[in-house]
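Visitor: okay, predicted coordinates and the sequence, questions at the end:
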Amino acid sequence: AKPVLTQKQRMELRECFDLIDADGSGSLSVDEIQSAFKHMGVKLVPSLLQKVIADLDQDGSGQIEYQEFVKLMTGTLEAAMLAEQAGLTGTPTVP
């Protein structure tokens, strides 16, 4: 079953999105996403970042809107829940 986000989780996702959305445009650009990963100490090869964005970008805008971001994060939460139920530990990775 898909996880249902609590009000607190929804608020935290919005805060996270707003932090990454440096220009306040309401969508995340390649540069903003790359900057967020870099800030977390993760270096992404530009071609991989482009693929991730293409996979998430449902409307073809070349950017990630909030609802697309929520889908990504909900999928990550679902993977974590399934791993926990299976008795696995560690941090889920996004394919």
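Guide: The structure has been received and is ready for your questions. Numbers count the residues shown, from 1 in each chain.

Visitor: for residue 37, which non-adjacent residue is closest in space?
Guide: Distances taken as C-beta to C-beta, 6 or more residues apart in numbering place residue 44 nearest to residue 37, at 5.2 Å, with adjacent residues excluded. In short, each C-beta sits where N, CA and C put it, glycine included.

Visitor: so which elements touch the lowest-mean-pLDDT helix or strand in the chain?
Guide: The weakest-scoring helix or strand in the chain, judged by mean pLDDT, DSSP states H and E, is helix 66-85 (a mean of 78). Secondary-structure packing of helix 66-85 (3 or more C-beta pairs under 8 Å, 6 or more residues apart in numbering; DSSP states H and E): helix 7-20, helix 46-56.

Visitor: the longest one packs against which elements?
Guide: Secondary structure elements in contact with helix 7-20, counted by 3+ C-beta pairs under 8 Å, 6+ apart, are helix 30-39, helix 66-85.

Visitor: what's the answer for the shortest one, then?
Guide: Secondary-structure packing of helix 46-56 (3+ C-beta pairs under 8 Å, 6+ apart): helix 30-39, helix 66-85.

Visitor: any stretches of this protein with poor pLDDT?
Guide: Residue ranges of the chain with pLDDT under 70: 1-3, 77, 79-80, 88-95.

Visitor: with just CA atoms, put the least confident helix or strand of the chain into PDB.
Guide: What follows is helix 66-85 as a C-alpha-only set of coordinates in PDB (Å, rounded to 0.1, in the frame of the first residue of the first chain):
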ATOM      1  CA  TYR A  66       6.200  20.300  -6.300                       C
ATOM      2  CA  GLN A  67       3.800  17.400  -7.100                       C
ATOM      3  CA  GLU A  68       6.600  15.600  -9.000                       C
ATOM      4  CA  PHE A  69       8.900  16.200  -6.000                       C
ATOM      5  CA  VAL A  70       6.200  14.700  -3.700                       C
ATOM      6  CA  LYS A  71       5.900  11.600  -5.900                       C
ATOM      7  CA  LEU A  72       9.700  11.100  -5.700                       C
ATOM      8  CA  MET A  73       9.700  11.500  -1.900                       C
ATOM      9  CA  THR A  74       6.600   9.400  -1.400                       C
ATOM     10  CA  GLY A  75       8.300   6.600  -3.500                       C
ATOM     11  CA  THR A  76      11.400   6.900  -1.300                       C
ATOM     12  CA  LEU A  77       9.200   6.700   1.800                       C
ATOM     13  CA  GLU A  78       7.400   3.600   0.400                       C
ATOM     14  CA  ALA A  79      10.800   1.900  -0.300                       C
ATOM     15  CA  ALA A  80      11.900   2.600   3.300                       C
ATOM     16  CA  MET A  81       8.600   1.200   4.700                       C
ATOM     17  CA  LEU A  82       8.900  -2.000   2.500                       C
ATOM     18  CA  ALA A  83      12.600  -2.400   3.500                       C
ATOM     19  CA  GLU A  84      11.600  -2.100   7.200                       C
ATOM     20  CA  GLN A  85       8.800  -4.600   6.800                       C
END
